[in-house]
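Colleague: model the following, please.
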Amino acid sequence: MPVITSFRAVRWLRTLNLVLQAVLFVTLFAGLNYVAKNHASRFDLTRGGRFSLSAETLAYLANLQRPVHIVLTTGGETENPEVKGLIDEYVHATADRSSGLITKETVDVYQNRRRAEELGLDQAGVILLVSGDRRRIEPIDNLYTLKNKQRDTFHGEQALTAAILDVTMLRREKIYFVTGHGELRIDNPDPQLGLTALRDQLKVRNFEVEPFDFSANRKIPDDASLLVVVSPQSAFTRQEQENLRQYLATGAGRLIFFLSPGKTTAALGLDDLLLDWGILVHPDIILDPGPGAMTENLELLIRHLSGTHPITKSLVTSGSQALRFGLTRTVFPDPGRALGGGLNTVTIAATTEQAWGERGGFRAGETPRYDPGVDTRPLPGMDPPNRLGVIVASERTAARDNLPFSVRGGKIVVVGTGDAISNGRLDNASLLLALNAVNWCVDRDHQLSIPPRPIERFQLAMSAADFTKLRYLLLAGLPGLAMLLGFAVYWTRRS
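Modeller: Purely as a prediction, here's the structure:
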């Protein structure tokens, strides 16, 4: 009998075949695990991206330098899947980094008393964030909003991101809202005259916010990261003007103006200061007959925004609603400004091409019209072409000793309306604009807001008859199906 057809050879071939199959099986799973570990991709297929961190949070985490340890305390109470899933996302976002690593731990305060005492925790249902010697405790109930005594929305990402910033930042940026000239105030809850809503949003993002009475203090505070002036009604004194000029130039200060129509910049004492930064503010009121550009109440709907500047880029990419401005004046880069010198002045928000700046005024009930030689029209050669600017940003950088890098310089933003961020007008678009302007000014260029997420509930309604059918299906249907398949295999092999 030939060796190849002998029983011994057949047994060896079968054994070799089984060994090869086992090797292929093991290498297949080893390869899959290697690919999953080193080249993993994650996709959030849920509606609205429930399990994805926002771009704002990811931007903050990308610049995180200090490690953070997150401890979630439990005690046998109702599970909080949104919280656990959110913490997992923070851990995953920093898993491949050497600095700014976020780790997690779950502690049952009743069963693991020793660990709870080490952490100084004696209450279930809280989140502890620790970074170095800084700690912050966030109750889980604060991450939800209630409606009809049920959890309606989950804003845990907003709260946890703010808490991470709080425990990792060695210095909190301080924003002063200037008062003393009839400005809108951060301690006034009035819908038209107050800024309490914006103040609260800035505090959530780990900014310190305080008023600064310029008329009672001659010196700008040394810890001022940013000054904000909202709709001043009276003039700045010469001393105040000089203080602002020195703050911007010598101290590389940051300043945001919201200037409502009615008072010229010359009457406010701001003309020279703005011209130093290449900004020209016109004494007019913008009227825009373009399609969908103005409401019956003369509110402007600003949709033409710069897609490259950090202040407006996220408004464009996120498809946010139009900026809704009340009475608005024209703001332009000064065409006569000296080019060079490290000054970069750009228009970042503008009207449609049909808009003009009304200077002569008009009576109620009559149709306003453009008067050539009187009213404001776009200047030739200005960017964006054929449009009136409403927001201008200017920054100054300077090279140090001819080295190929620039040093920190001043920044200024001028908005041609005074009430866009008031309590009554602050919506998602205007809030995002204000936050982006603040972040750009203080060099915290993370331009996204974190909205709350709705909590989705799923309920399965079954009658007693449905439960009976399901019981019989599980007890008899599935085993019966397996028996039928076995009988079919048996019958096939027999025949």
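Colleague: residue boundaries of the helices in the stretch 151-300 of the chain?
Modeller: Assigned by DSSP state H, counting those that start in this stretch, the stretch 151-300 of the chain shows helices spanning 156-168, 196-204, 238-249, 265-268, 271-276.
Colleague: just how off-centre is the second one within its chain?
Modeller: Its chain's C-alpha centre lies 14 Å from the corresponding centre of helix 196-204 when counted by Cα atoms, centre = their mean, to the nearest Å.
Colleague: mind giving me the packing neighbours of that helix?
Modeller: Applying 3 or more Cβ pairs under 8 Å, 6 or more residues apart in numbering; DSSP states H and E, we find helix 196-204 packed against helix 156-168, strand 208-213, helix 428-441. C-beta: built from backbone N, CA, C; applies to glycine.
Colleague: residue contacts, the residue nearest to residue 307 when sequence neighbours are not counted?
Modeller: Among residues not flanking residue 307 along the chain, residue 316 sits closest, at 4.4 Å (Cβ to Cβ, 6 or more residues apart in numbering). The neighbours of residue 316, taking Cβ atoms under 8 Å, 6 or more residues apart in numbering as the test, are 305-307.
Colleague: again with residue 282
Modeller: Residues in contact with residue 282 (Cβ under 8 Å, 6+ apart) are 329-332, 357, 359, 376.
Colleague: how near is the residue lying closest to it once chain neighbours are set aside to residue 260?
Modeller: In space, and not counting its chain neighbours, residue 282 is closest to residue 330: 4.0 Å by Cβ to Cβ, 6+ apart. The gap separating residue 330 from residue 260 is 13 Å, by Cβ to Cβ, to the nearest Å.
Colleague: could you look up the SS state of the residue nearest to residue 307?
Modeller: For residue 316, the assignment made with DSSP: H, G, I helix; E, B strand; the rest coil gives helix.
Colleague: likewise residue 382?
Modeller: Here residue 382 is recorded as coil under three-state DSSP.
Colleague: residues near it, how many?
Modeller: For residue 382, the neighbour count with other Cβ atoms under 10 Å is 16.
Colleague: may I have stretch 371-385 as PDB, with CA atoms only?
Modeller: What follows is stretch 371-385, C-alpha atoms only, in PDB (Å, rounded to 0.1, in the frame of the first residue of the first chain):
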ATOM      1  CA  ASP A 371     -29.700 109.100   0.000                       C
ATOM      2  CA  PRO A 372     -26.500 109.200  -2.100                       C
ATOM      3  CA  GLY A 373     -23.900 111.400  -0.500                       C
ATOM      4  CA  VAL A 374     -25.500 111.300   2.900                       C
ATOM      5  CA  ASP A 375     -26.000 107.700   3.900                       C
ATOM      6  CA  THR A 376     -23.300 105.100   4.400                       C
ATOM      7  CA  ARG A 377     -22.500 102.600   1.600                       C
ATOM      8  CA  PRO A 378     -19.800 100.000   1.300                       C
ATOM      9  CA  LEU A 379     -16.400 101.400   0.300                       C
ATOM     10  CA  PRO A 380     -14.700 100.200  -2.800                       C
ATOM     11  CA  GLY A 381     -11.900  97.700  -2.200                       C
ATOM     12  CA  MET A 382     -13.100  96.900   1.400                       C
ATOM     13  CA  ASP A 383     -13.500  93.300   2.400                       C
ATOM     14  CA  PRO A 384     -16.100  91.800   2.300                       C
ATOM     15  CA  PRO A 385     -17.000  93.600  -0.900                       C
END
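Colleague: ok so, going back, the residue nearest to residue 282 reaches residue 358, doesn't it?
Modeller: No: counting by Cβ atoms under 8 Å, residue 358 is not a contact partner of residue 330; they are 10.0 Å apart.
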